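Peer 1: would you be able to build a 3D model of this:
(2 chains)
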2 protein chains.
Amino acid sequence: MRTPLYLEDISVGQRFVTAQVVIAEAAITAFGRAFDPQPFHTDGAAAKHSFFGGLAASGWHTAAITMKLLVESGPKLAGGTIGAEVELRWPRPTRPGDILHVESEILAVTPSRSRPDRGFITLKSDTLNQKGEVVQTQTAKLLAWKRPL
Amino acid sequence: MRTPLYLEDISVGQRFVTAQVVIAEAAITAFGRAFDPQPFHTDGAAAKHSFFGGLAASGWHTAAITMKLLVESGPKLAGGTIGAEVELRWPRPTRPGDILHVESEILAVTPSRSRPDRGFITLKSDTLNQKGEVVQTQTAKLLAWKRPL
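Peer 2: Prediction:
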């Protein structure tokens, strides 16, 4: 059981590593059909002749999988993991059969100037495959609550 | 039928407006269970006592819906809509029953220095609800191919 973290529990340099998850081809094509219907995300044969040279997960699928890993086995923030803004890069695609996990680090802890009950943390999260290659980097500004008095 | 756009067809200031889509409560909770399993995304009763004050779509769901709208009725890029990096903000949540559409504008067109066959475009996309409120802003750097000789 992870203890919920309040703003006071979080400091720059803290690191978190999630569990792993296997990404099935059927999950890639189902997400593609639902949210990113382009041949390189939905059709392995057509994908061979695309920029990706084979079936690749939508970057939004990689982002969604990253969120699931963070919620289930990353830093557990009191009140939930709620993002205000995020920067994403996808240096290489997620492929069928990839095994992903997320490694995160706290880059900043910023109490709110206007709201004494809360603050923000900046969390950098790298999503890595089974070869240790980065498939996504993400820097997110997340809400964090101060411990109730 | 939208004509596929090459780098030469794209210029700063071009604007695009997508179709609309209705976001059902069942879609919000299904996405939440799959990718962002927190009570404010999966359970309307529990969500009432959360930061959001009621059921809210995961920001990643809003991002994925935005991608679907862009792919299906936004700018049609030759070779597909392939993002290298993106910045996202969620100023307010998507709610059950919301009707979303996306309004986009080209902010930059940058030929590649190293690869003569391609370039990048910077596309800013606002996702709006039926009240005209912005639920997501996104600035994406997308691949764009030059027209084959």
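
Peer 1: pull out the buried positions in the helix or strand bottoming out on mean pLDDT in chain A.
Peer 2: Across the helices and strands of chain A, mean confidence by mean pLDDT, DSSP states H and E is lowest for helix A:44-47: a mean of 94. Applying a neighbour-count criterion of 16 or more other Cβ atoms under 10 Å in any protein chain shown, one finds residue A:47 buried in helix A:44-47. Any C-beta I mention is one placed from the backbone N, CA and C, and that applies to glycine too.

Peer 1: for that helix, C-alpha coordinates in PDB please.
Peer 2: The C-alpha coordinates for helix A:44-47 follow below in PDB (Å, rounded to 0.1, in the frame of the first residue of the first chain):
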ATOM      1  CA  GLY A  44       0.100  -4.100 -39.600                       C
ATOM      2  CA  ALA A  45       0.300  -4.800 -43.400                       C
ATOM      3  CA  ALA A  46      -0.300  -1.200 -44.400                       C
ATOM      4  CA  ALA A  47       2.000   0.000 -41.600                       C
END
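
Peer 1: from the contact counts, what lies against that helix?
Peer 2: With contacts taken as 3 or more Cβ pairs under 8 Å, 6 or more residues apart in numbering or on different chains; DSSP states H and E, helix A:44-47 sits against helix A:39-42.

Peer 1: ok, back up a step: which residues does the least confident helix or strand of chain A contact?
Peer 2: Outside of helix A:44-47, the residues within contact range by Cβ atoms under 8 Å, 6 or more residues apart in numbering or on different chains are A:25, A:29, A:39-41, A:53-56, A:96.

Peer 1: in stretch A:72-90, what's buried?
Peer 2: Buried residues in stretch A:72-90 (16+ other Cβ under 10 Å): A:73-77, A:79-83, A:85-86, A:88-90.

Peer 1: among those, which are located in strands?
Peer 2: Within the buried residues of stretch A:72-90, residues falling in strands by DSSP state E are A:83, A:85-86, A:88-89.
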